[in-house]
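K.L.:
After the sequence you'll find the predicted model.
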Amino acid sequence: MKTGLITSDTFQNHDTGPGHPEQIARVSVITENFKKLNNKNIFWKKPTPIIEDIIKDTHDTEYIDLVKNSFPSKGFSSLDGDTIISPGSKEATFDAAGSIVAAIDGIHNKEFKNAFCNVRPPGHHCNKNKAAGFCILNNIAIGAQYLLGKYKYKKVAIIDFDVHHGNGTQDIFYENENVLFISTHQYPYYPGTGSEKEKGKFNNIFNIPLPAGTNSEEYLNAFEFALKRLREFKPEFVLISAGFDSHFKDPLAQFKLKTEDFYTITKRILEASNKFCHGKVVSILEGGYDLQALKDSTQRHVDALMEFN
């Protein structure tokens, strides 16, 4: 079977203004690269039009209303100090959430084996009722709730290898025994959360904080603890918050990972979880702000997904 690649031109209309690191080119450089590669094992798909009932499982109704009414008719506005929005941001925001729904449905409809969602804005810093860190809706949390609600899964694992802790995702699932949240991240660093002491009500939060300067060998050794916890949980479906800002070229953090490490990380996740979820894995873009590193790293990430089919 093929690997799904879910994306939309609407993501290029989410204008965050000059000099903002979460820029339009982040998705376009990835899309253009995969179009150029023209790999026959990729199944291109557009986001599912998202309905509010799906989002309400993750976000408070008042917050959804606030978001819908916040997008300006012209120029720029902001939902917090980092999260800039413009007229085209509304469609992009809801299509980002609709992408993970399309990916999950595509796997269940046997259109493809696994999937990567090339989206923006990202999502993992957004909690139930607050935008943060470039994130407006928590896309991966919406996907996990969709798996629990529509498809009645009992064990969903989220692995977040973005260099910044996925505080929003952790907050949403802190008291949910059906979701395991695993995060590797630079610590102490933005957003200030993610210590080993944060374990969740059901021991369902597993943080692996690592210092600035962490290199490939140190990271991959630490990642074995994440894989051990994943195997213990025995997930029926795996979601990946795929942030590529732990690359040594990235301007927003101080990890020292190399492009090839993202292939290795992805392959190890697939190998560790396959016995339980039978390859049902959806990955969605979070961070990554050096365009060349982002292009190369997402290619190796998807290479691993395709090889596992």
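P.N.:
Perfect, I can see it now. Numbering: from 1, shown residues only.
K.L.:
Next, work out how far apart residue 20 and residue 164 are.
P.N.:
When distance is defined by Cβ to Cβ, to the nearest Å, residue 20 is 16 Å away from residue 164. The C-beta positions use only the backbone N, C-alpha and C, and glycine is treated the same way.
K.L.:
Just the buried positions in the one helix or strand residue 143 maps to, please.
P.N.:
Under DSSP states H and E, the secondary-structure element containing residue 143 is helix 139-149. Counting neighbours by 16 or more other Cβ atoms under 10 Å, one finds that the buried residues in helix 139-149 are 139, 140, 141, 142, 143, 144, 145, 146, 147, 148.
K.L.:
Verify the stated contact: the fifth one with residue 238.
P.N.:
This points to residue 143. No: using Cβ atoms under 8 Å, residue 143 and residue 238 do not qualify as a contacting pair, with a distance of 10.9 Å.
K.L.:
which residues do those two both contact?
P.N.:
Taking Cβ atoms under 8 Å, 6 or more residues apart in numbering as the contact criterion, the residues that touch both residue 143 and residue 238 are residue 282.
K.L.:
hmm, back to that, which one of residue 20 and residue 164 has more residues nearby?
P.N.:
For residue 20 against residue 164, the residue with the higher neighbour count under other Cβ atoms under 10 Å is residue 164, and the figures read 27 against 15.
K.L.:
export stretch 88-103 as CSV, just CAs?
P.N.:
What follows is stretch 88-103 as a C-alpha-only set of coordinates in CSV (Å, rounded to 0.1, in the frame of the first residue of the first chain):
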residue,chain,number,x,y,z
GLY,A,88,-6.3,33.5,5.0
SER,A,89,-5.6,32.0,8.4
LYS,A,90,-9.1,30.8,9.0
GLU,A,91,-9.4,28.3,6.2
ALA,A,92,-5.8,27.1,6.9
THR,A,93,-6.5,26.6,10.6
PHE,A,94,-9.5,24.4,10.0
ASP,A,95,-7.9,22.6,7.1
ALA,A,96,-5.0,21.7,9.3
ALA,A,97,-7.4,20.0,11.7
GLY,A,98,-9.2,18.4,8.7
SER,A,99,-6.0,17.0,7.4
ILE,A,100,-5.5,14.6,10.3
VAL,A,101,-9.1,13.5,10.0
ALA,A,102,-8.6,12.8,6.3
ALA,A,103,-5.5,10.8,7.1
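K.L.:
pLDDT on that stretch, on average?
P.N.:
Per-residue pLDDT values across stretch 88-103 average out to 98.
K.L.:
Go ahead and confirm residue 111 touches residue 45.
P.N.:
Yes: Residue 111 is in contact with residue 45 according to Cβ under 8 Å; the separation is 7.1 Å.
K.L.:
does the spatially most central residue of the chain have beta-bridge partners, and which?
P.N.:
The residue lying closest to the centre of the chain (Cα atoms, centre = their mean) is residue 241, at 2.8 Å. In this entry, residue 241 is beta-bridged to residue 160, residue 284, by DSSP bridges.
K.L.:
Which parts of the stretch 151-300 of the chain are helices?
P.N.:
Secondary structure of the stretch 151-300 of the chain (DSSP state H, counting those that start in this stretch): helices at 167-173, 216-233, 259-277, 291-307.
K.L.:
so which of those is the most packed in?
P.N.:
Ranked by mean neighbour count under mean count of other Cβ atoms under 10 Å, the helices of the stretch 151-300 of the chain are led by helix 167-173, which reaches a mean of 25.
K.L.:
which helices and strands does it pack with?
P.N.:
Packed against helix 167-173, as judged by 3 or more Cβ pairs under 8 Å, 6 or more residues apart in numbering; DSSP states H and E, are the following elements: helix 139-149, strand 156-160, strand 179-186, strand 205-210.
K.L.:
With distance to residue 251 and mean pLDDT added, can I get the ones you listed in TSV?
P.N.:
Converted to TSV, those look like this (distance: least, Cβ to Cβ, whole Å; pLDDT from 0 to 100):
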stretch	distance to residue 251	mean pLDDT
helix 139-149	23	98
strand 156-160	20	99
strand 179-186	13	99
strand 205-210	19	99
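K.L.:
For residue 98, find the nearest of these.
P.N.:
For residue 98, the closest of the helices and strands packed on helix 167-173 is helix 139-149, at 9.0 Å, according to Cβ to Cβ.
K.L.:
Could you check the angle the closest one makes with strand 179-186?
P.N.:
160 degrees (axes from the mean of the first three to the mean of the last three Cα atoms, to 10 degrees).
K.L.:
orientation of helix 139-149 relative to strand 156-160 in degrees?
P.N.:
170 degrees.
K.L.:
Tell me which other helices or strands helix 139-149 touches.
P.N.:
Short answer (3+ Cβ pairs under 8 Å, 6+ apart): helix 139-149 packs on helix 52-56, helix 89-108, strand 156-160, helix 167-173, strand 237-242, strand 281-285.
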